[in-house]
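Chemist: Please work out how this folds:
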Amino acid sequence: MKQVGNLAIVVANHPKAMMQIYDGDVSVYIGEGTERKTISCNVWDDAYINAIIAHLNFGTELKGDKTYANS
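Modeler: Below you'll find the model as predicted:
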């Protein structure tokens, strides 16, 4: 949960990203239209949230990701 604030800052500065927190999960939507992708995890999963931050900032691949899919 400590990294959710950092994720919010990164998403706010990303031109095609939106973040939602609901029912203990954080979801990040990236892209527009049919190309929109969704990344979700628990708000307490700081390691995965750091991976999402790295993905948004540097384009790194999310390893072992099962939630990255077309919406």
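
Chemist: For the residue nearest the centre of the chain, name its beta-bridge partners.
Modeler: Central residue of the chain (CA atoms, centre = their mean): residue 28, 3.8 Å from the mean position. Legend: beta-bridge partners of residue 28 under DSSP bridges are residue 19, residue 39.

Chemist: What does the pLDDT read for it?
Modeler: Listed pLDDT for residue 28 reads 96.

Chemist: Quick one: residues contacting it.
Modeler: Counting by CB atoms under 8 Å, 6 or more residues apart in numbering, residue 28 touches 7, 11, 17, 18, 19, 38, 39, 40, 52, 56. (C-beta placed from N, C-alpha, C; glycine too.)

Chemist: what are the ranges of the helices in this structure?
Modeler: When secondary structure is read from DSSP state H, the chain shows helices at 4-13, 46-58.

Chemist: Would you mind finding the most buried of the ones you listed?
Modeler: helix 46-58 (a mean of 17; mean count of other CB atoms under 10 Å).

Chemist: That one vs helix 4-13, what angle?
Modeler: Relative orientation of helix 46-58 and helix 4-13, computed by axes from the mean of the first three to the mean of the last three CA atoms, to 10 degrees: 20 degrees.
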